[in-house]
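**Student:** Any chance you can model this:
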Amino acid sequence: MSKRKKPAHISQEAWDSVDIPELTEDFFKNARPAKEVLPPALYQTLVEHRKRGERGPQKTPTKVPTNIRIDADVLEAYKAKGRGWQTRMNEALRAAIQS
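**Tutor:** Residues are numbered from 1 along each chain as shown. Now for the predicted structure:
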């Protein structure tokens with residue numbers, strides 16, 4: 001079994017008192033789908049809950065998904081400045097139509 005790193009916010013006593021068994025082939029052979037073992041209401045809540053990493057619907061949709069062809073060097077210049085490149089590009093386009 002591999003040594004797990006203890007998170008700083010958990011006391012050593014609490015960390016040592018928890019035994020997390022290794023997941024073996026037998027475990028996976030006997031595993032059953034969540035739908036079969038969870039109460040229906042809990043399963044439905046989990047299924048309906050948005051997936052990790054996905055955003056929920058906008059309260060007031062203001063953006064329209066689209067496909068656009070942009071020169072590679074222009075795209076790379078925006079991406080090179082880091083996160084938020086789509087917002088910066090949108091602002092530049094807005095400034096262009098207002099001028």
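
**Student:** where do the helices sit along the protein?
**Tutor:** 12-17, 25-30, 34-37, 40-48, 72-80, 85-98 (DSSP state H).

**Student:** who touches the shortest one?
**Tutor:** It stands for helix 34-37. Contacts with helix 34-37, where a contact means Cβ atoms under 8 Å, 6 or more residues apart in numbering, come from 43, 46. In this view, the C-beta of every residue, glycine as well, is placed from N, C-alpha and C.

**Student:** As JSON lines, the helices of the chain with mean pLDDT and mean neighbour count would be great.
**Tutor:** Formatted as JSON lines, the helices of the chain follow (pLDDT from 0 to 100; neighbours: other Cβ atoms under 10 Å):
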{"stretch": "helix 12-17", "mean pLDDT": "85", "mean neighbour count": "9"}
{"stretch": "helix 25-30", "mean pLDDT": "92", "mean neighbour count": "8"}
{"stretch": "helix 34-37", "mean pLDDT": "93", "mean neighbour count": "10"}
{"stretch": "helix 40-48", "mean pLDDT": "87", "mean neighbour count": "10"}
{"stretch": "helix 72-80", "mean pLDDT": "95", "mean neighbour count": "11"}
{"stretch": "helix 85-98", "mean pLDDT": "94", "mean neighbour count": "11"}
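
**Student:** Dump the ones you listed to a markdown table, plus distance to residue 6.
**Tutor:** Output for those, formatted as a markdown table (distance: least, Cβ to Cβ, whole Å):
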| stretch | distance to residue 6 |
| --- | --- |
| helix 12-17 | 5 |
| helix 25-30 | 24 |
| helix 34-37 | 29 |
| helix 40-48 | 28 |
| helix 72-80 | 38 |
| helix 85-98 | 38 |
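
**Student:** of these, which approaches residue 64 most closely?
**Tutor:** helix 85-98 (11.0 Å; Cβ to Cβ).

**Student:** so what's residue 38 up against?
**Tutor:** Contacts of residue 38 (Cβ under 8 Å, 6+ apart): residue 46.

**Student:** ok, it to residue 60 distance?
**Tutor:** Residue 38 sits 35 Å away from residue 60, going by Cβ to Cβ, to the nearest Å.

**Student:** Thank you kindly, that will do.
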